[in-house]
Structure formats: C-alpha cells, structure tokens
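Q: from the sequence below, what's the structure:
(2 chains)
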Amino acid sequence: EAQVTQNPRYLITVTGKKLTVTCSQNMNHEYMSWYRQDPGLGLRQIYYSMNVEVTDKGDVPEGYKVSRKEKRNFPLILESPSPNQTSLYFCASSLTGLSSNQPQHFGDGTRLSIL
Amino acid sequence: AQSVTQLDSHVSVSEGTPVLLRCNYSSSYSPSLFWYVQHPNKGLQLLLKYTSAATLVKGINGFEAEFKKSETSFHLTKPSAHMSDAAEYFCVVTGGRGTASKLTFGTGTRLQVTL
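A: Residues are numbered from 1 along each chain as shown, chains lettered A, B, ... in the order given. I've put the predicted structure just below:
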C-alpha cells in the first residue's frame, strides 16, 4: 500500500531535549516536505526537499533541521525544542516538485507537546 | 507572492442539503489550486485539483469546484451533504516561476453536518 509513515504519532517531551520525527514514503517520490498545523493558521511549510541531498527552507524553518540522505526518508530534527514548537506536524511527498502540480500524499501526523 | 483566503472558518449544513465552501486566492502567475480534506486524527487527502484545464473540476465523493479567474475564486460544492463529509477542508494554491516548490494553505473550513 502506498503510504507516508510518520513516527511517533504522539510525543510529550521537555524543553531542550533533542528529538527526531521520522518520515518514510514507499512511492519513490522525489519531493518531500514538512508542515506544522496550528489552530487558525492552517498548514505552514517548515522545510522541503526536491531530491536526495537537496533541501530548502519553507516559511517557518527556525528551530528545525532536516536531512535527506535517502530518497524514502526525510526526518525532522528539533535540536533544542521549545514550547512554541508544540504543534501537529505532517510529512508529505509527491512524485516530483510542485511545478508539475502533483498532489501531495500526507502522513497521519505527529502531535508534539513540548513542556 | 501568493495567498489564499477561506471565507468561513465554520460551516454547518443539514444532511442532504447543498454544501458551499468558499475560497479566494491571489497569485502573480497562473495558479494551480487544490482542495484537501482532513478527517479527525488523519492526514490531508486530495479532493480535487485545478491545473488550467477545464474550469469545472470534479473530485472524489461528489465534490466539485469551479475556477473563476475574474472573481479569483475556487469554491467547493457538493449537491447533497452526507454525515461522512464532516471534516476540515483546506484550499491550497501553488504558483509558477519562483514559487514552484511552495504550497500556500488556507486556514481551513470546518464542515459540520447535522441530521
């Protein structure tokens, strides 16, 4: 089954404790992206990747890092989490970059709470 | 620059009555527009997309949307609401040169369907 898998689905942690949210897709997609969803703000893009070893900042990259060493994986790293990063996070992928108007395939989300 | 405005944060309809979710966009280039649906505790699922072909776009589950350039609108409609349509809906725009790798999301419209 074609899917985007995020782990963990839920995490409660404390300020400053490094964490990684994993994202994996099994569709051989080139484009992957991370979003955060906050009430009343919709989804905002954190980082995206056009292909292996190619990443770029989205609208709200501060406090986050990403890497794309393999095509299928695109982890989101919070080196020193802070309470304002408490949010619902989504990973998404598409066959190619958005200029080709490919639909995004979303994971089920990761709810992070930073105390 | 591009933006999208969903005119209603919450819409309530009775089962069997029509649904109208409104979306206006702004884009410097010919946009591509999408509607996504998000059910509770799930990621976003593509409902339909407009990519400069037919202005009336049909999607899944009986939804459709009409692209009106003169009104910069892309409203989502369905003739008869079903209880399973209760969810949050996002209008999304992606632009052309220079913005090809960016999706801009609206803030969402929560659809409530009552008996």
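
Q: shaky segments in chain A?
A: Across chain A, the ranges flagged by pLDDT under 70 are A:98-101.

Q: report the secondary structure element holding the residue nearest in space to the middle of chain A.
A: Centroid-nearest residue in chain A, with C-alpha atoms, centre = their mean: residue A:34, separated by 2.7 Å. Counting by DSSP states H and E, the secondary-structure element that holds residue A:34 is strand A:31-38.

Q: dump the C-alpha coordinates for that strand into PDB.
A: Presented in PDB, the C-alpha positions along strand A:31-38 are these (Å, rounded to 0.1, in the frame of the first residue of the first chain):
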ATOM      1  CA  TYR A  31       9.700  15.700  -3.300                       C
ATOM      2  CA  MET A  32       9.100  15.600   0.400                       C
ATOM      3  CA  SER A  33       8.100  18.300   2.800                       C
ATOM      4  CA  TRP A  34       7.300  19.000   6.500                       C
ATOM      5  CA  TYR A  35       4.400  21.200   7.700                       C
ATOM      6  CA  ARG A  36       3.100  22.300  11.000                       C
ATOM      7  CA  GLN A  37      -0.500  22.800  11.700                       C
ATOM      8  CA  ASP A  38      -1.700  25.300  14.300                       C
END
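
Q: next secondary structure after it?
A: By DSSP H and E, the next helix or strand past strand A:31-38 is strand A:42-51.

Q: contacts for that following strand, please.
A: The set of residues external to strand A:42-51 that reach it, using C-beta atoms under 8 Å, 6 or more residues apart in numbering or on different chains, is A:30-38, A:55-61, A:64, A:66, A:68, A:71, A:74, A:76, A:89-90, A:97, B:44, B:90, B:101-103, B:105-108. C-beta coordinates here come from the backbone N, C-alpha and C atoms, glycine included.

Q: what residues sit buried inside that strand?
A: Within strand A:42-51, the residues that count as buried by 16 or more other C-beta atoms under 10 Å in any protein chain shown are A:42, A:43, A:44, A:45, A:46, A:47, A:48, A:49, A:50.

Q: residue A:25 and residue A:74: what is the separation?
A: Distance, residue A:25 to residue A:74, using C-beta to C-beta, to the nearest Å: 8 Å.

Q: kindly apply the preceding question to residue A:97 instead.
A: Residue A:97 sits 14 Å away from residue A:74, taking C-beta to C-beta as the criterion.

Q: quick one, what contacts residue A:3?
A: Shown here is residue A:3, whose contacts under the criterion C-beta under 8 Å, 6+ apart are A:25, A:26, A:27, A:105, A:107.

Q: can I get these in TSV including secondary structure, distance to residue A:13 and neighbour count?
A: Formatted as TSV, the entries for the contacts of residue A:3 read as follows, by DSSP: H, G, I helix; E, B strand; the rest coil; distance: C-beta to C-beta, whole Å; neighbours: other C-beta atoms under 10 Å in any protein chain shown:
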residue	secondary structure	distance to residue A:13	neighbour count
A:25	strand	25	22
A:26	coil	28	12
A:27	coil	30	14
A:105	strand	27	21
A:107	coil	19	25
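
Q: residue A:97 and residue A:74: who's more crowded?
A: More neighbours sit around residue A:74 than around the other of residue A:97 and residue A:74, counting by other C-beta atoms under 10 Å in any protein chain shown; the figures are 29 against 18.

Q: quick revisit: can you list the neighbours in contact with the strand holding residue A:34?
A: Looking at strand A:31-38 with C-beta under 8 Å, 6+ apart, the contacting residues turn out to be A:23, A:25, A:43-51, A:58, A:60, A:64, A:66, A:68, A:74, A:76, A:85, A:87-98, A:102, A:104, A:109, B:101, B:103, B:105.
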